[in-house]
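# Sequence first, then the predicted structure:
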Amino acid sequence: MRTDKIIIVGGGSAGWMTATTLIRLFPNKKITLIESKNVPVVGVGESTLAAFNDWLDLVGIKDEDFMKESDATYKLSIKFTDFYKKNSAGFHYPFGRPDESTLAAGKNTWYFKKFRDPLVPYSDYARFLYPSLALVEHNTFGENVNGELGNFDLKKQSAYHFDAIKFGQVLKEKICIPEGVKYIQDDIKDALRDVRGNIVSLNNKYAADLYIDCTGFQSILLEKILKVKFNSYNELLPNDTALVFQVPYTDKEKRLVAYTHCTALGNGWAWNIPSWKRIGTGYVYSSKYTNEHNAYHEMKQHLWSTLGYDIEDQNLEYRKINMKVGLHEEIFYKNVIAIGLSAGFIEPLESNGLFTVHKFLIYLARILHSEELNQFDKDGFNYKCKAEFDIFAEFVALHYYLSQRDDTKYWRDLTNKSIKNLKLLPDADIDNQLKLKIYNEYNSEHGIHCIGTGLRQLPIDPTHIKDKNNISDLNDFTEKHLLASIKGRDLQRQGWLQTAKTKPKLLDVLKKIHE
């Protein structure tokens, strides 16, 4: 099949990111976006991951092109509170690779530090390994000059908080329409299909070679018209509902921080996302364990205890979003590709709302360079997208399964689940993907080492160290080398903190962008 004419159905961040990708990378293709004026945009994805920069670079977008108009702020990490146990200390998962350059045993060096001094808090793990946390602790922001902040790379280890709806509009008004995307407002009510099942036209007047479904949870083209099966992941990820609030700042200098804060509650978790003009917050929970009324009051108590904000006194309105957590059987089927919520959705822990959007778009761009697409291209695209989706879904699930919380039925049920029983995680893949107490070290390529350590699931332990059979596995380092390495890193970290202290305040950096 050829792809000279492409119609995108649905706007929002997914639709306009798709249009931006296509018009920037394939300017000779005829791109049309059809958007309903009667369907509200969900606005998912207010907090991004560092990989979002890969997409920005691909389509040639710089910070100054979108930050002011979309109320964007910078982000260096995700903080998790009460995921280990109720009222337990929080821990960070910063972006990028840890700095292991001066550590005798790599990341394992920290575990020796912990075993030698049990009073070392688990939150020290990320501080020990990531120079960026020195910036987070001082609430400052800036480039790494002359290596004073170890391996910190601002471009590779930062992301953004923003208003997702405004971000989509920036793409629409500053890139897509000026550069040739045809924009139509209409409701898609039906489709004409040929004998092979491919869509020939929409509403009997909009025709293309390829149709891209960006219609959100409705999945109008892929699910409703082509009848592609949706596979629920609720057995793996039971959270299916979100109550969404927008809270004004009461102390911007204190509350505007360079990280997303996730706090585990009785039947799910609450997020705190500080964009420029307000704080986005909400409660993601499972309707199997609680209802909207109880969730609202649990969230009310949480906002009062964390922000000192009474949502009833301020008459604060909220939106309820029913989430379809899972993935369609095929994302590229016949001549339709789904991008965003219409393809699938992992619940929003780990800021993955836009992750699959830009990841799938990069995979799409790769196959569109072919003059014509065949079944091999479709199968390859589907395989790549599903593999990416499943790995991330399993990673999110482990935030719950590795917990020690047992204060509610929700947490007892999740923490009693066996990893081996997960349908998406074959036993043979546990070693390779998660390194979960199988080998001596977590994989640095994925965030499991930060999450696992924060939840007290350590890849090595004192018994393992004392077992002489394991010495060769641990690179034959001596206690003397380890102690010297630990002392050196602690001194190095003091240097990071001093450097971070000299950087501009995050609020001042953002004022230059927004004011």
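Nice, I can see it.
# When you work out contacts or count neighbours from here on, use the C-alpha atoms and nothing else.
Will do.
# For burial, what's the neighbour tally of F91?
The local packing of F91 (other C-alpha atoms under 10 Å) involves 26 other residues.
# Tell me, what's the model's pLDDT at it?
If you check F91, the pLDDT there is 97.
# Grab the nearest non-local neighbour of it.
Computed as C-alpha to C-alpha, 6 or more residues apart in numbering, the closest residue to F91 that is not its neighbour in sequence is S123, at 4.7 Å.
# likewise K166?
Once flanking residues are discounted, K166 sits nearest to S70: 4.9 Å by C-alpha to C-alpha, 6+ apart.
# ditto for Q246
Setting aside the residues directly before and after it, Q246 is nearest to G280 in space (C-alpha to C-alpha, 6+ apart), at 4.8 Å.
# Please name the bridge partners of the one you found.
Per DSSP bridges, the residues bridged to G280 are Q246, I273.
# if we can go back for a sec, can you report how many residues neighbour the residue nearest to F91?
When counting by other C-alpha under 10 Å, one arrives at 17 neighbours for S123.
# Now do the contacts for it.
Contacts for S123 (C-alpha atoms under 8 Å, 6 or more residues apart in numbering) come out as 89-92, 454.
# do the same with Y363
By C-alpha under 8 Å, 6+ apart, the contact set of Y363 is 381, 384-385.
# So it, which state does it fall into?
Local secondary structure at Y363 is given as helix here, using DSSP: H, G, I helix; E, B strand; the rest coil.
# measure it to G60 for me?
Relative to G60, Y363 is positioned 17 Å away (criterion: C-alpha to C-alpha, to the nearest Å).
# Where does P121 sit: helix, strand or coil?
coil.
# mind listing what it touches?
With contact taken as C-alpha under 8 Å, 6+ apart, P121 is in contact with K114.
# All the strands of the stretch 1-150 of the chain, residue numbers only.
Shown for the stretch 1-150 of the chain, the strands assigned by DSSP state E, counting those that start in this stretch span residues 5-9, 30-35, 73-75, 77-81, 91-94.
# again, but for the stretch 251-400 of the chain
Listed in chain order (using DSSP E, counting those that start in this stretch), the strands of the stretch 251-400 of the chain are 259-265, 268-274, 279-285, 318-322, 326-328, 332-333, 336-338, 344-345.
# for the protein, what helix or strand is lowest in average pLDDT?
Ranked by mean pLDDT, DSSP states H and E, the helix or strand of the chain with the weakest confidence is helix 427-434, at a mean of 42.
# And the residue nearest to Q246, how close does it get to Y249?
Relative to Y249, G280 is positioned 10 Å away (C-alpha to C-alpha).
# More neighbours: which of these two?
Remark: of G280 and Y249, G280 carries more neighbours, 21 against 18, as counted by other C-alpha under 10 Å.
# quick one: low-confidence parts of the chain?
Segments of the chain classed as low confidence (criterion: pLDDT under 70) are 42-45, 419-445, 464-477.
# May I see the domains of it written out as residue ranges?
Taking automatic domain parsing as the criterion, the chain consists of the domains 5-46+163-234+325-395, 98-154+426-515, 241-322.
# Could you check those domains and tell me which one is nearest S418?
Shortest distance between S418 and the domains of the chain, using C-alpha to C-alpha, is found for domain 98-154+426-515: 11.2 Å.
# Now the terminal residues of that closest one, how far apart.
First residue to last in domain 98-154+426-515 (C-alpha to C-alpha) measures 34 Å.
# Excluding residues flanking it in the chain, which one is nearest E312?
Using C-alpha to C-alpha, 6+ apart, the closest residue to E312 is K300 (8.0 Å).
# To clarify, my last question referred to E330.
Computed as C-alpha to C-alpha, 6+ apart, the closest residue to E330 that is not its neighbour in sequence is N382, at 6.2 Å.
# Pull the number of nearby residues for the one you found.
Number of residues near N382 (other C-alpha under 10 Å) recorded here: 21.
# What residues does it make contact with?
Each residue near N382 by C-alpha under 8 Å, 6+ apart is listed here: 330-332.
# Can you tell me which of the residues you listed are buried?
The neighbour-count test (16 or more other C-alpha atoms under 10 Å) marks 330-332 as buried among those.
# follow-up on the earlier one: tally of neighbours for the residue nearest to K166?
The number of residues packed around S70, counting by other C-alpha under 10 Å, is 22.
# Next, give phi and psi for T241.
Torsion angles at T241 (phi, psi; degrees, to the nearest 10) stand at phi -140, psi 150.
# May I have the beta-bridge partners of it?
T241 forms beta bridges with Y285, N322, as assigned by DSSP bridges.
# circling back: for the contacts of S123, work out which two are farthest apart.
It's A89 and H92 that sit farthest apart of those, by C-alpha to C-alpha, at 10.4 Å.
# the more surrounded of these two?
Set A89 next to H92 and count neighbours by other C-alpha under 10 Å: H92 wins out with 26 against 15.
# separation between that one and E143?
Using C-alpha to C-alpha, H92 is found at 20 Å from E143.
# what ranges do the helices span in the stretch 151-300 of the chain?
Assigned by DSSP state H, counting those that start in this stretch, the helices in the stretch 151-300 of the chain fall at 164-171, 252-255, 292-307.
# Tell me which residues touch G216, please.
So G216 contacts 10, 42, 340-342 (C-alpha under 8 Å, 6+ apart).
# Next, format those as TSV and append distance to K174.
Below are these laid out as TSV (distance: C-alpha to C-alpha, whole Å):
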residue	distance to K174
G10	18
V42	21
G340	21
L341	24
S342	25
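# between these, which is closest to W276?
Proximity of the contacts of G216 to W276 was ranked by C-alpha to C-alpha; the top entry is V42 with 19.8 Å.
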